[in-house]
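A.B. asks: only the shape, not the letters, is given here:
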């Protein structure tokens, strides 16, 4: 009998290989096969895939490199992602274990007393025995692949969490770099505002003295005071912005940021890269972890259909044990005390009120939902890259034009001031040219920041660092 049980189990394990899940085929990407073209887009060079460019190679600023390392070790979102991987891995192992019988050792002491009168043949009846053995309970033979479908679903969910961690790591690197450069830009805004405030305060003091002497008018004095108040307001605004940037950087880093890792006011670019290949939209399917995570979710939903279909078919469970039993504990292992039990059970669904059919509809609806989400993730990625490419193709010209505007307004301010000093123009012309220069300088800082962050955005949108993130995830870093 024991040989029969073992043979039956081996046959069940070997034959239960298929599932009723639909064959999975990757859906066609719902986007164009090429990036948009037009005046906003510049030609991208050919070369190495961005996914293979490690963030250490992309980020060249030493302070930022150390800051990113600090964040990768302390950011709480990454910790949650890592723990989620551990959780789903354990859930997959639990589901996979259901493919095999759970064998347990057991020991039983059974004693009962039946009072007189229960049986027609007479007095009270006492029964007592001891039993030890090995066995398994309610082991399901997976003939129709229900358990294997659930195992495949758990596996895809686990793989999806791994991709989610890679995506979170790449996003964190991009957020750190962007916040770092924003802090540097706001520090530069603050320095410009403080220097302008000092100049305006000095000018206002001179105009006030000239007004008291009757040389300057009340209008000149009021215009100078307006310029001082504008600069004062900007100093306060950028002081707050710098503090908020530092708070954001601290949150991303997951710990206090050492002063030595903060950017200097002049730092704007954190990478030596100015151009890298965009590849084709199809490359995003292999390079973007968020798209791959969405596909694993779709595969998991596809596998769940197999489990829902299997519920329509009979299920066979086995309960078996073998060991030794005796009414005396001292004779438990004596010859002739062997005992075994084998209880196969078949369950054939006949009427379930439509629950199996409803579960199958739910599983198919879930697959449709995850299919739409997968396609939306591709469309979103396409849009992110296209937007970044449009910015990349126009920001150089914007920065060049803004730089030319700063140069022109600088010259205009100098000429206006010289004409005022010679009495040719009023002080109003000086203030107007000074405001234009001040505004142009702030605009240039903003455009340079946009140009620098565009490189980081493009690096992230194209799946930059995905290969490195996969390597780090596999080593547990």
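C.D. replies: Great, that's in hand. Just so it is clear, the model here is predicted, and its values are computed rather than measured.

A.B. asks: which stretches of this structure have low pLDDT?
C.D. replies: Scanning the chain for pLDDT under 70 picks out 1-17, 46-48, 117, 119-123, 215-216, 466-477.

A.B. asks: each with direction, which strands does the strand ranked longest in it pair with?
C.D. replies: Counting by DSSP state E, the longest strand found in the chain is strand 125-141. Strand 125-141 has the following sheet partners, assigned by DSSP bridges: strand 104-114 (antiparallel), strand 315-326 (antiparallel).

A.B. asks: ok, which of those comes nearest residue 222?
C.D. replies: Nearest of the strands paired with strand 125-141 to residue 222, taken as CB to CB: strand 315-326 at 89.7 Å. Bear in mind the C-beta positions are built from the backbone N, C-alpha and C, glycine included.

A.B. asks: return the set of buried residues in that closest one.
C.D. replies: 315-316, 318, 320-321, 323-326 (16 or more other CB atoms under 10 Å).

A.B. asks: check the offset of it from the chain's centre.
C.D. replies: How far strand 315-326 lies from its chain's middle: 48 Å, per CA atoms, centre = their mean, to the nearest Å.

A.B. asks: after it comes which helix or strand?
C.D. replies: strand 338-347 (DSSP states H and E).

A.B. asks: circling back: list the buried ones in the longest strand of the chain?
C.D. replies: Buried residues in strand 125-141 (16+ other CB under 10 Å): 129-133, 135-136, 139-141.

A.B. asks: repeat that for stretch 417-434.
C.D. replies: Buried residues in stretch 417-434 (16+ other CB under 10 Å): 417, 420, 425-427, 429-434.

A.B. asks: mind putting those in CSV, distance to residue 175 included?
C.D. replies: What follows is the buried residues of stretch 417-434, written out as CSV (distance: CB to CB, whole Å):
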residue, distance to residue 175
417, 43
420, 47
425, 49
426, 49
427, 46
429, 45
430, 43
431, 40
432, 40
433, 39
434, 37
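
A.B. asks: in CSV: the residues you listed, plus secondary structure.
C.D. replies: Formatted as CSV, the buried residues of stretch 417-434 follow (DSSP: H, G, I helix; E, B strand; the rest coil):
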residue, secondary structure
417, helix
420, helix
425, coil
426, coil
427, helix
429, helix
430, helix
431, helix
432, helix
433, helix
434, helix
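
A.B. asks: of all the strands paired with strand 125-141, which lies closest to residue 158?
C.D. replies: Closest to residue 158 of the strands paired with strand 125-141, according to CB to CB: strand 315-326, at 25.6 Å.

A.B. asks: so that closest one versus strand 338-347, what angle?
C.D. replies: Calculated by axes from the mean of the first three to the mean of the last three CA atoms, to 10 degrees, strand 315-326 forms an angle of 160 degrees with strand 338-347.

A.B. asks: contacts for strand 315-326 next, please.
C.D. replies: The contact list for strand 315-326, computed with CB atoms under 8 Å, 6 or more residues apart in numbering, reads 1-2, 5, 8-9, 101, 106, 129-141, 143-144, 146, 332-334, 337-347.

A.B. asks: if we use 7 Å, what do you get?
C.D. replies: Identification of contacts with strand 315-326 by CB atoms under 7 Å, 6 or more residues apart in numbering yields 2, 5, 129-141, 143, 332-334, 337-347.

A.B. asks: same deal with stretch 225-233?
C.D. replies: Under CB under 7 Å, 6+ apart, the answer for stretch 225-233 is 193, 196-197, 200-201, 204, 431, 434.

A.B. asks: swap in stretch 162-180?
C.D. replies: With CB under 7 Å, 6+ apart as the test, stretch 162-180 has contacts from 55, 59, 64, 67-68, 71-72, 75, 77-78, 81-82, 85, 245, 248-249, 252, 263, 270, 289-290, 292-293, 296, 453, 456-457, 460, 464-466, 469-470, 472-473.

A.B. asks: hmm, back to that, tabulate the strands paired with strand 125-141 (CSV), appending distance to residue 25.
C.D. replies: Formatted as CSV, the strands paired with strand 125-141 follow (distance: least, CB to CB, whole Å):
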stretch, distance to residue 25
strand 104-114, 42
strand 315-326, 29
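
A.B. asks: among those strands, which is nearest residue 36?
C.D. replies: Checking the strands paired with strand 125-141 against residue 36 by CB to CB gives strand 315-326 as the closest, at 53.9 Å.

A.B. asks: how does this protein divide up, domain by domain?
C.D. replies: For the chain, automatic domain parsing gives the domain ranges 14-99+142-313+355-475, 102-141+323-348.

A.B. asks: point out the most buried one among these.
C.D. replies: Most buried of these by mean neighbour count (mean count of other CB atoms under 10 Å) is domain 14-99+142-313+355-475; its value is a mean of 18.

A.B. asks: wait, what's in contact with residue 464?
C.D. replies: Residue 464 makes contacts with 50-51, 53, 58, 170, as judged by CB under 7 Å, 6+ apart.

A.B. asks: now render those residues as JSON lines, adding secondary structure.
C.D. replies: Below are these laid out as JSON lines (three-state DSSP):
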{"residue": "50", "secondary structure": "helix"}
{"residue": "51", "secondary structure": "helix"}
{"residue": "53", "secondary structure": "coil"}
{"residue": "58", "secondary structure": "helix"}
{"residue": "170", "secondary structure": "helix"}
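
A.B. asks: out of those, the closest to residue 444 would be?
C.D. replies: Relative to residue 444, the closest of the contacts of residue 464 is residue 58; by CB to CB it sits at 24.8 Å.

A.B. asks: from the centroid of this structure, which residue is nearest?
C.D. replies: residue 168 (3.1 Å; CA atoms, centre = their mean).
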